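Q: Give me a 3D structure for the following:
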Amino acid sequence: MGTRVSYPVEIKMKEIEMRLARIPVKQVLEELNIRNHSQLKTWLKWYRKGELHRLEQPVGKQYTFGKGPEYESETAKLQVENRYLKQQIEVLKKYAELERKWSQES
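A: Residues are numbered from 1 along each chain as shown. This is a model prediction of the structure:
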């Protein structure tokens, strides 16, 4: 089994915009480098229900609104935040590369 991927909120919102614009699922998966199509359905379901706060929660950790995980120390909290921010940067770099590709095709 593969490792879990945490996608930044910006990618999730871009996916929702693309699906609402009726862009095919396969194309969305390829362009945004998302692994599983069921993830798209989940994010869209949350969007339609108005549960936007769920888009910001980490993988496998769905907390009630306004609550988050409890960390053992400030260091542990900062390590989690650092890992999340690094993942965001990597995904956004890939997205910027895709945008350049799209603009060259136009």
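
Q: tell me the contacts of Glu72?
A: Glu72 makes no contacts at all, as judged by C-beta atoms under 8 Å, 6 or more residues apart in numbering. Heads up, the C-betas are built off the backbone N, CA and C, glycines and all.

Q: Was I right to think Gln88 contacts Val5?
A: No. In this structure, Gln88 is not within contact of Val5 by C-beta atoms under 8 Å, at 11.7 Å.

Q: where do the contact lists of those two overlap?
A: Common neighbours of Gln88 and Val5 (C-beta under 8 Å, 6+ apart) do not exist.

Q: More neighbours: which of the two?
A: Neighbours were counted for Gln88 and for Val5 using other C-beta atoms under 10 Å; Gln88 has more, 16 against 13.

Q: Return the per-residue confidence for the more buried one.
A: Per-residue confidence at Gln88 stands at 81 (pLDDT).

Q: Grab the nearest non-local neighbour of it.
A: Pro8 (4.0 Å; C-beta to C-beta, 6 or more residues apart in numbering).

Q: Report how many residues lie close to that neighbour.
A: Other residues close to Pro8 by other C-beta under 10 Å number 19.

Q: How about Glu30?
A: Glu30: 11 neighbours (other C-beta under 10 Å).

Q: Which parts of the helix or strand that contains Gln27 count as buried, going by neighbours?
A: Per DSSP states H and E, Gln27 falls inside helix 25-32. Using 16 or more other C-beta atoms under 10 Å as the test for burial, helix 25-32 gives Val28, Leu29, Glu31, Leu32.

Q: what's the next secondary structure element after that helix?
A: Following helix 25-32 in sequence, per DSSP H and E, is helix 37-49.

Q: ok, residues contacting that following helix?
A: Here helix 37-49 has contacts from Tyr7, Lys12, Glu15, Ile16, Arg19, Val25, Val28, Leu29, Ile34, Leu52, Arg54, Leu55, using C-beta under 8 Å, 6+ apart.
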